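In: Sharing a model that was predicted from the sequence below.
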Amino acid sequence: MANRLILNETSYHGKGAIQHIVHEVKSRSFTKALIVTDKDLVRYQVVAKVTNLLDEAGLPYEIFDEVKANPAVCVIKKGVEKFKASGADYMIAIGGGSPIDSAKGIGIIINNPEFSDVLSLEGVAPTHQKCVPIIAVPTTAGTAAEVTINYVITDEEKKRKFVCVDVHDVPAVAVVDPDMMSSMPKGLTAATGMDALTHAIEGYITKAAWELTDALHLKAIEIIARSLRGAVENDPAGREGMALGQYIAGMGFSNVGLGVVHSMAHPLSAYYDTPHGIANAVLLPYVMEFNKEYTGEKYREIARAMGVKGVDNMTQEEYRNAAIQAVQQLSTDVGIPPKLSQIGVKEEDLPALSIDALNDVCTGGNPRDCTAEELLEVYKIAF
(Lines give C-alpha, C1' and ligand atoms only; values in the text may rest on other atoms or scores of the structure.)
Protein backbone atom coordinates (compact mmCIF):
# COMPACT_ATOMS: atom_id res chain seq x y z
CA MET A 1 0.00 0.00 0.00
CA ALA A 2 1.35 3.41 -0.98
CA ASN A 3 1.17 6.40 1.36
CA ARG A 4 0.04 9.70 -0.16
CA LEU A 5 1.30 13.21 0.59
CA ILE A 6 -0.52 16.28 -0.79
CA LEU A 7 0.81 19.80 -0.16
CA ASN A 8 0.58 23.29 -1.67
CA GLU A 9 2.16 23.92 -5.05
CA THR A 10 4.20 26.70 -3.40
CA SER A 11 4.56 28.05 0.13
CA TYR A 12 6.40 31.02 1.61
CA HIS A 13 7.48 31.25 5.25
CA GLY A 14 8.89 33.94 7.51
CA LYS A 15 8.70 37.67 8.07
CA GLY A 16 7.80 39.57 4.92
CA ALA A 17 6.42 36.51 3.12
CA ILE A 18 3.38 38.49 1.92
CA GLN A 19 5.69 40.46 -0.37
CA HIS A 20 5.69 37.42 -2.68
CA ILE A 21 1.94 37.57 -3.34
CA VAL A 22 2.25 40.00 -6.23
CA HIS A 23 4.84 37.80 -7.95
CA GLU A 24 2.62 34.75 -7.58
CA VAL A 25 -0.40 36.58 -9.02
CA LYS A 26 1.54 37.87 -12.01
CA SER A 27 3.42 34.63 -12.70
CA ARG A 28 0.14 32.72 -12.75
CA SER A 29 -1.53 35.31 -15.01
CA PHE A 30 -4.42 35.84 -12.61
CA THR A 31 -6.58 38.84 -13.47
CA LYS A 32 -8.82 39.62 -10.48
CA ALA A 33 -9.04 38.44 -6.88
CA LEU A 34 -11.95 37.87 -4.58
CA ILE A 35 -10.54 38.44 -1.10
CA VAL A 36 -12.33 36.19 1.39
CA THR A 37 -12.05 37.42 4.96
CA ASP A 38 -14.03 38.78 7.91
CA LYS A 39 -15.09 42.26 8.95
CA ASP A 40 -12.77 42.48 11.95
CA LEU A 41 -9.69 41.84 9.83
CA VAL A 42 -10.83 44.60 7.46
CA ARG A 43 -11.62 46.95 10.36
CA TYR A 44 -8.25 46.45 12.04
CA GLN A 45 -6.31 46.98 8.82
CA VAL A 46 -4.93 43.44 8.65
CA VAL A 47 -6.39 42.91 5.19
CA ALA A 48 -4.90 46.24 4.15
CA LYS A 49 -1.41 44.75 4.49
CA VAL A 50 -2.25 42.65 1.43
CA THR A 51 -4.53 45.03 -0.47
CA ASN A 52 -1.89 47.76 -0.27
CA LEU A 53 0.46 45.47 -2.18
CA LEU A 54 -2.21 44.74 -4.78
CA ASP A 55 -2.99 48.45 -5.14
CA GLU A 56 0.65 49.34 -5.64
CA ALA A 57 0.93 46.68 -8.34
CA GLY A 58 -2.34 47.73 -10.03
CA LEU A 59 -3.95 44.35 -9.41
CA PRO A 60 -7.78 44.46 -9.13
CA TYR A 61 -9.80 42.78 -6.40
CA GLU A 62 -13.11 42.77 -4.56
CA ILE A 63 -13.65 41.90 -0.90
CA PHE A 64 -16.10 39.38 0.54
CA ASP A 65 -15.98 39.99 4.30
CA GLU A 66 -19.08 38.13 5.51
CA VAL A 67 -17.20 35.17 6.97
CA LYS A 68 -17.82 34.50 10.67
CA ALA A 69 -16.32 32.04 13.13
CA ASN A 70 -17.53 28.52 12.38
CA PRO A 71 -18.76 29.50 8.87
CA ALA A 72 -22.22 28.27 8.01
CA VAL A 73 -23.73 26.88 4.81
CA CYS A 74 -25.31 30.27 4.07
CA VAL A 75 -21.89 31.97 4.08
CA ILE A 76 -20.57 29.56 1.47
CA LYS A 77 -23.60 30.18 -0.73
CA LYS A 78 -23.21 33.97 -0.43
CA GLY A 79 -19.55 33.64 -1.29
CA VAL A 80 -20.32 31.62 -4.40
CA GLU A 81 -22.70 34.32 -5.64
CA LYS A 82 -20.18 37.05 -4.81
CA PHE A 83 -17.45 35.24 -6.74
CA LYS A 84 -19.66 34.82 -9.79
CA ALA A 85 -20.71 38.47 -9.75
CA SER A 86 -17.18 39.79 -9.22
CA GLY A 87 -15.58 38.40 -12.37
CA ALA A 88 -12.69 37.08 -10.28
CA ASP A 89 -10.56 34.14 -11.37
CA TYR A 90 -8.80 33.43 -8.08
CA MET A 91 -9.18 34.05 -4.35
CA ILE A 92 -6.97 35.39 -1.60
CA ALA A 93 -8.15 34.00 1.72
CA ILE A 94 -7.00 36.14 4.64
CA GLY A 95 -7.73 35.00 8.17
CA GLY A 96 -7.86 31.95 10.38
CA GLY A 97 -9.47 28.67 9.53
CA SER A 98 -12.89 30.19 8.90
CA PRO A 99 -12.00 32.43 5.90
CA ILE A 100 -9.69 29.81 4.42
CA ASP A 101 -12.27 27.04 4.86
CA SER A 102 -14.91 29.32 3.34
CA ALA A 103 -12.70 29.97 0.32
CA LYS A 104 -12.24 26.23 -0.14
CA GLY A 105 -15.98 25.62 -0.12
CA ILE A 106 -16.61 28.51 -2.51
CA GLY A 107 -13.84 27.43 -4.86
CA ILE A 108 -14.94 23.81 -4.96
CA ILE A 109 -18.55 24.72 -5.79
CA ILE A 110 -17.57 27.21 -8.49
CA ASN A 111 -15.66 24.51 -10.38
CA ASN A 112 -17.94 21.63 -9.34
CA PRO A 113 -21.44 23.16 -9.54
CA GLU A 114 -23.13 19.80 -9.02
CA PHE A 115 -22.22 20.27 -5.32
CA SER A 116 -23.91 23.65 -5.02
CA ASP A 117 -26.17 22.60 -2.15
CA VAL A 118 -23.02 22.62 0.09
CA LEU A 119 -24.27 19.77 2.30
CA SER A 120 -23.26 17.30 -0.41
CA LEU A 121 -19.62 18.19 0.25
CA GLU A 122 -19.64 16.38 3.60
CA GLY A 123 -17.10 13.59 4.04
CA VAL A 124 -14.94 12.61 1.08
CA ALA A 125 -16.76 14.37 -1.74
CA PRO A 126 -16.23 12.84 -5.22
CA THR A 127 -15.43 16.14 -6.95
CA HIS A 128 -13.69 16.04 -10.33
CA GLN A 129 -12.19 19.51 -10.75
CA LYS A 130 -9.67 21.44 -8.69
CA CYS A 131 -11.17 24.38 -6.85
CA VAL A 132 -10.63 27.97 -7.94
CA PRO A 133 -6.97 28.82 -7.20
CA ILE A 134 -6.51 30.12 -3.66
CA ILE A 135 -3.66 32.10 -2.16
CA ALA A 136 -4.07 31.44 1.56
CA VAL A 137 -2.70 33.97 4.04
CA PRO A 138 -3.26 32.76 7.62
CA THR A 139 -3.60 35.32 10.41
CA THR A 140 -3.72 32.71 13.18
CA ALA A 141 -1.20 30.02 14.04
CA GLY A 142 -3.27 26.92 14.56
CA THR A 143 -5.65 25.53 11.97
CA ALA A 144 -3.09 25.03 9.17
CA ALA A 145 -6.05 25.35 6.79
CA GLU A 146 -3.63 26.88 4.28
CA VAL A 147 -1.99 23.47 3.68
CA THR A 148 -4.71 20.91 4.40
CA ILE A 149 -7.21 19.07 2.24
CA ASN A 150 -9.89 19.49 4.92
CA TYR A 151 -12.44 22.18 5.68
CA VAL A 152 -15.27 22.44 8.16
CA ILE A 153 -18.73 23.97 7.67
CA THR A 154 -21.53 24.48 10.17
CA ASP A 155 -25.03 23.23 9.41
CA GLU A 156 -26.90 25.74 11.56
CA GLU A 157 -30.28 24.13 10.93
CA LYS A 158 -29.18 20.84 12.49
CA LYS A 159 -26.68 22.37 14.93
CA ARG A 160 -23.71 20.39 13.72
CA LYS A 161 -20.35 20.89 12.07
CA PHE A 162 -19.39 18.66 9.18
CA VAL A 163 -15.94 17.95 7.84
CA CYS A 164 -15.19 17.96 4.12
CA VAL A 165 -12.14 16.10 2.84
CA ASP A 166 -11.19 16.83 -0.74
CA VAL A 167 -7.83 16.57 -2.51
CA HIS A 168 -9.04 19.28 -4.90
CA ASP A 169 -9.37 22.01 -2.26
CA VAL A 170 -5.78 22.55 -1.07
CA PRO A 171 -4.74 26.18 -1.70
CA ALA A 172 -2.31 26.60 -4.58
CA VAL A 173 -0.14 28.98 -2.56
CA ALA A 174 0.35 29.37 1.18
CA VAL A 175 1.87 32.58 2.52
CA VAL A 176 2.75 32.02 6.18
CA ASP A 177 3.96 35.39 7.47
CA PRO A 178 4.21 35.80 11.27
CA ASP A 179 3.72 39.56 10.84
CA MET A 180 0.16 38.80 9.71
CA MET A 181 -0.38 37.09 13.08
CA SER A 182 1.06 39.80 15.32
CA SER A 183 -2.32 41.37 16.10
CA MET A 184 -3.81 38.16 17.52
CA PRO A 185 -4.93 38.70 21.13
CA LYS A 186 -3.61 36.40 23.85
CA GLY A 187 -6.72 34.26 24.11
CA LEU A 188 -6.88 33.59 20.38
CA THR A 189 -3.14 32.89 20.22
CA ALA A 190 -3.49 30.35 23.03
CA ALA A 191 -6.56 28.67 21.53
CA THR A 192 -5.19 28.37 18.01
CA GLY A 193 -1.81 27.25 19.33
CA MET A 194 -3.39 24.43 21.30
CA ASP A 195 -5.37 23.52 18.18
CA ALA A 196 -2.05 23.13 16.37
CA LEU A 197 -0.68 20.95 19.18
CA THR A 198 -3.81 18.80 18.97
CA HIS A 199 -3.27 18.37 15.23
CA ALA A 200 0.31 17.26 15.81
CA ILE A 201 -0.49 14.82 18.62
CA GLU A 202 -3.56 13.31 16.98
CA GLY A 203 -1.81 13.05 13.63
CA TYR A 204 1.11 11.28 15.31
CA ILE A 205 -1.03 8.60 16.95
CA THR A 206 -3.73 8.16 14.30
CA LYS A 207 -4.16 4.75 12.67
CA ALA A 208 -2.86 6.00 9.32
CA ALA A 209 0.38 7.51 10.68
CA TRP A 210 3.62 6.52 8.95
CA GLU A 211 7.30 7.40 9.17
CA LEU A 212 7.25 10.64 7.15
CA THR A 213 4.22 12.09 8.92
CA ASP A 214 5.62 10.93 12.28
CA ALA A 215 8.72 13.03 11.62
CA LEU A 216 6.59 16.05 10.75
CA HIS A 217 4.35 15.70 13.79
CA LEU A 218 7.18 15.24 16.29
CA LYS A 219 8.95 18.31 14.91
CA ALA A 220 5.71 20.26 15.12
CA ILE A 221 5.18 19.22 18.75
CA GLU A 222 8.73 20.30 19.59
CA ILE A 223 8.37 23.71 17.95
CA ILE A 224 4.94 24.39 19.43
CA ALA A 225 6.00 23.32 22.93
CA ARG A 226 8.89 25.79 22.94
CA SER A 227 7.09 28.62 21.11
CA LEU A 228 3.49 28.88 22.32
CA ARG A 229 4.11 30.53 25.68
CA GLY A 230 6.20 33.21 24.00
CA ALA A 231 3.69 33.70 21.21
CA VAL A 232 0.95 34.34 23.78
CA GLU A 233 3.14 37.14 25.15
CA ASN A 234 3.59 38.43 21.58
CA ASP A 235 7.30 37.60 21.52
CA PRO A 236 8.45 37.74 17.86
CA ALA A 237 10.42 34.50 18.12
CA GLY A 238 7.38 32.76 19.60
CA ARG A 239 5.17 34.10 16.82
CA GLU A 240 7.57 32.91 14.14
CA GLY A 241 7.92 29.50 15.77
CA MET A 242 4.18 29.02 15.98
CA ALA A 243 3.69 30.07 12.36
CA LEU A 244 6.09 27.33 11.30
CA GLY A 245 5.05 24.69 13.83
CA GLN A 246 1.37 24.82 12.99
CA TYR A 247 2.13 24.56 9.25
CA ILE A 248 4.34 21.50 9.76
CA ALA A 249 1.54 19.88 11.78
CA GLY A 250 -0.82 20.61 8.89
CA MET A 251 1.53 18.97 6.40
CA GLY A 252 1.21 15.81 8.43
CA PHE A 253 -2.36 15.50 9.70
CA SER A 254 -3.92 16.58 6.42
CA ASN A 255 -2.55 13.39 4.92
CA VAL A 256 -3.25 10.89 7.73
CA GLY A 257 -6.27 12.22 9.59
CA LEU A 258 -7.06 13.00 13.22
CA GLY A 259 -8.99 11.41 16.09
CA VAL A 260 -11.71 11.86 18.67
CA VAL A 261 -10.40 15.09 20.19
CA HIS A 262 -11.63 16.70 16.99
CA SER A 263 -14.71 14.48 16.84
CA MET A 264 -15.69 15.64 20.32
CA ALA A 265 -14.74 19.28 19.70
CA HIS A 266 -16.78 19.71 16.52
CA PRO A 267 -20.19 19.34 18.23
CA LEU A 268 -19.20 21.90 20.88
CA SER A 269 -18.72 24.52 18.17
CA ALA A 270 -21.98 23.55 16.50
CA TYR A 271 -24.03 23.61 19.74
CA TYR A 272 -22.47 26.56 21.55
CA ASP A 273 -20.30 28.33 18.93
CA THR A 274 -17.30 27.39 21.07
CA PRO A 275 -14.01 28.42 19.42
CA HIS A 276 -12.58 25.27 17.93
CA GLY A 277 -9.13 25.68 19.46
CA ILE A 278 -10.50 26.06 22.98
CA ALA A 279 -12.70 22.97 22.58
CA ASN A 280 -9.68 20.96 21.43
CA ALA A 281 -7.45 22.31 24.19
CA VAL A 282 -9.86 21.40 26.98
CA LEU A 283 -10.46 17.90 25.61
CA LEU A 284 -6.91 16.97 24.58
CA PRO A 285 -5.52 15.73 27.94
CA TYR A 286 -8.66 13.70 28.67
CA VAL A 287 -8.62 12.01 25.27
CA MET A 288 -4.89 11.35 25.59
CA GLU A 289 -5.69 9.51 28.83
CA PHE A 290 -8.47 7.58 27.05
CA ASN A 291 -6.11 6.55 24.20
CA LYS A 292 -2.87 5.92 26.07
CA GLU A 293 -3.05 2.11 26.18
CA TYR A 294 -3.35 2.01 22.38
CA THR A 295 -0.29 4.08 21.45
CA GLY A 296 2.70 1.79 22.00
CA GLU A 297 5.81 3.85 22.75
CA LYS A 298 4.60 7.02 21.05
CA TYR A 299 3.82 8.92 24.26
CA ARG A 300 7.49 8.64 25.18
CA GLU A 301 8.38 10.60 22.04
CA ILE A 302 5.57 13.08 22.67
CA ALA A 303 6.94 13.66 26.18
CA ARG A 304 10.44 14.10 24.77
CA ALA A 305 9.23 16.59 22.15
CA MET A 306 7.32 18.47 24.87
CA GLY A 307 10.63 18.96 26.68
CA VAL A 308 10.26 16.32 29.41
CA LYS A 309 13.69 15.17 30.68
CA GLY A 310 14.73 11.60 31.42
CA VAL A 311 12.06 9.82 29.43
CA ASP A 312 14.38 6.95 28.53
CA ASN A 313 14.61 6.06 32.22
CA MET A 314 10.83 6.04 32.72
CA THR A 315 8.46 3.12 32.69
CA GLN A 316 5.76 3.05 30.03
CA GLU A 317 3.18 4.25 32.55
CA GLU A 318 5.49 7.05 33.70
CA TYR A 319 6.26 8.44 30.27
CA ARG A 320 2.62 8.21 29.20
CA ASN A 321 1.57 10.18 32.26
CA ALA A 322 4.45 12.62 31.71
CA ALA A 323 3.26 13.34 28.16
CA ILE A 324 -0.29 14.02 29.33
CA GLN A 325 0.93 16.20 32.20
CA ALA A 326 3.20 18.24 29.91
CA VAL A 327 0.27 18.93 27.58
CA GLN A 328 -1.97 19.88 30.50
CA GLN A 329 0.71 22.20 31.91
CA LEU A 330 1.14 24.02 28.61
CA SER A 331 -2.63 24.43 28.34
CA THR A 332 -2.76 25.83 31.88
CA ASP A 333 0.18 28.15 31.28
CA VAL A 334 -1.52 29.79 28.29
CA GLY A 335 -4.81 30.26 30.13
CA ILE A 336 -7.04 27.48 28.80
CA PRO A 337 -9.82 26.46 31.26
CA PRO A 338 -9.46 22.84 32.41
CA LYS A 339 -13.15 21.83 32.31
CA LEU A 340 -15.96 21.89 29.76
CA SER A 341 -18.34 23.37 32.34
CA GLN A 342 -16.17 26.50 32.31
CA ILE A 343 -16.66 27.11 28.57
CA GLY A 344 -20.46 26.93 28.47
CA VAL A 345 -21.09 23.25 27.85
CA LYS A 346 -24.36 21.99 29.34
CA GLU A 347 -24.36 18.65 31.15
CA GLU A 348 -27.76 17.67 29.80
CA ASP A 349 -26.39 17.91 26.23
CA LEU A 350 -23.56 15.39 26.78
CA PRO A 351 -25.45 12.30 25.49
CA ALA A 352 -26.38 14.06 22.24
CA LEU A 353 -22.86 15.43 21.87
CA SER A 354 -21.51 11.88 22.25
CA ILE A 355 -23.64 10.57 19.39
CA ASP A 356 -22.58 13.43 17.12
CA ALA A 357 -18.94 12.85 18.05
CA LEU A 358 -19.15 9.14 17.26
CA ASN A 359 -20.53 9.94 13.80
CA ASP A 360 -17.86 12.55 13.05
CA VAL A 361 -15.51 11.76 10.17
CA CYS A 362 -12.44 12.08 12.43
CA THR A 363 -13.51 9.21 14.70
CA GLY A 364 -12.31 6.50 12.34
CA GLY A 365 -8.69 7.63 12.65
CA ASN A 366 -8.54 7.37 16.43
CA PRO A 367 -6.07 4.73 17.65
CA ARG A 368 -8.71 3.29 19.99
CA ASP A 369 -12.05 2.21 18.59
CA CYS A 370 -14.86 3.60 20.70
CA THR A 371 -18.58 3.70 21.32
CA ALA A 372 -20.92 6.60 22.04
CA GLU A 373 -21.06 5.42 25.65
CA GLU A 374 -17.28 5.60 25.97
CA LEU A 375 -17.19 9.08 24.47
CA LEU A 376 -19.94 10.12 26.86
CA GLU A 377 -17.75 8.99 29.75
CA VAL A 378 -14.85 11.09 28.46
CA TYR A 379 -17.17 14.10 28.16
CA LYS A 380 -18.32 13.52 31.75
CA ILE A 381 -14.76 13.35 33.06
CA ALA A 382 -13.86 16.51 31.13
CA PHE A 383 -17.03 18.27 32.30
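Out: Great, that's in hand.
In: check contacts around K159.
Out: K159 makes contact with A270, Y271, according to Cβ atoms under 8 Å, 6 or more residues apart in numbering. C-betas here are computed from N, CA, C, even on glycine.
In: hmm, 10 Å instead?
Out: P267, A270, Y271, Y272, D349, A352, D356 (Cβ atoms under 10 Å, 6 or more residues apart in numbering).
In: Mark which of those residues are buried, thanks.
Out: Using 16 or more other Cβ atoms under 10 Å as the burial test, the contacts of K159 include P267, A270, Y271, Y272, D349, D356 as buried.
In: out of these, who's nearest E157?
Out: A270 (10.7 Å; Cβ to Cβ).
In: chain center to the helix or strand containing that closest one, what's the gap?
Out: Element membership of A270, judged by DSSP states H and E, is helix 260-272. On the basis of Cα atoms, centre = their mean, to the nearest Å, helix 260-272 is displaced by 13 Å from the centre of the chain it belongs to.
In: I'd like the next helix or strand past that helix.
Out: Next helix or strand after helix 260-272 toward the C-terminus (DSSP H and E): helix 276-291.
In: which strands and helices sit next to the next helix or strand along the chain from that following helix?
Out: Beyond helix 276-291 on the C-terminal side, the first helix or strand identified by DSSP H and E is helix 298-305. Contacts defined by 3 or more Cβ pairs under 10 Å, 6 or more residues apart in numbering; DSSP states H and E place helix 298-305 against helix 186-205, helix 211-232, helix 276-291, helix 316-333.
In: Now do the buried residues in helix 298-305.
Out: K298, Y299, R300, E301, I302, A303, R304, A305.
In: can you check stretch 147-156 too?
Out: V147, T148, I149, N150, Y151, V152, I153, T154.
In: Can you list which of those are found in strands?
Out: In this view, the buried residues of stretch 147-156 that belong to strands under DSSP state E are N150, Y151, V152, I153, T154.
In: Redo those as TSV? Include distance to K130.
Out: Converted to TSV, these look like this (distance: Cβ to Cβ, whole Å):
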residue	distance to K130
N150	16
Y151	14
V152	20
I153	19
T154	25
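In: quick check, nearest of those residues to I100?
Out: Distances from I100 to those, taken by Cβ to Cβ, are shortest for Y151, at 7.6 Å.
In: Verify the contact between the closest one and I100 for me.
Out: Yes - the pair Y151 / I100 is scored as a contact, 7.6 Å apart, by Cβ atoms under 10 Å.
In: before we move on, back to that, from the ones in strands among the buried residues of stretch 147-156, which is closest to L197?
Out: Of these, the one sitting nearest to L197 (Cβ to Cβ) turns out to be N150, at 17.2 Å.
In: one step back: residues in contact with both of Y151 and I100, list them for me.
Out: Contacts common to Y151 and I100, judged by Cβ under 10 Å, 6+ apart, are P71, T143, A145, D169.
In: By neighbour count, which of the residues you listed wins?
Out: Within the shared contacts of Y151 and I100, most neighbours by other Cβ atoms under 10 Å means A145, with 30 neighbours.
In: list the contacts for it?
Out: 93, 95-104, 136, 138, 151-152, 169-171, 174, 246, 250, 254.
In: Restricted to strands, list these.
Out: A93, G95, A136, P138, Y151, V152, A174.
In: distance of the fourth one from L7?
Out: What it means is P138. Distance of P138 to L7, computed by Cβ to Cβ, to the nearest Å: 15 Å.
In: Looking at the two, which has the bigger crowd around it?
Out: A side-by-side neighbour count of P138 and L7, using other Cβ under 10 Å, places P138 first with 31 against 15.
In: now that one: how far from Y90?
Out: 17 Å.
In: Not counting sequence-adjacent ones, nearest residue to the residue nearest the centre of the chain?
Out: Central residue of the chain (Cα atoms, centre = their mean): T143, 2.1 Å from the mean position. Nearest non-adjacent residue to T143, counting by Cβ to Cβ, 6 or more residues apart in numbering: G97, 3.2 Å away.
In: Count the residues that sit near that neighbour.
Out: Under the criterion other Cβ under 10 Å, the count of neighbours that G97 has is 26.
In: give me the low-pLDDT residue ranges for the stretch 151-300 of the chain?
Out: Filtered on pLDDT under 70, the stretch 151-300 of the chain yields no residues whatsoever.
In: one more time with 80
Out: 159 (pLDDT under 80).
In: So for the residue nearest to the centre of the chain, what pLDDT did the model give?
Out: Predicted confidence (pLDDT) for T143: 90.
In: Start at 42, not 1
Out: Okay, residue one is now 42; in that scheme the one you just asked about reads as T184.
In: Pretty sure it sits against N111.
Out: No - applying Cβ under 10 Å, one finds T184 not in contact with N111, separated by 11.9 Å.
In: list residues touching both of those two?
Out: Counting by Cβ under 10 Å, 6+ apart, the shared contacts of T184 and N111 are G138, S139, D142, V193, H317.
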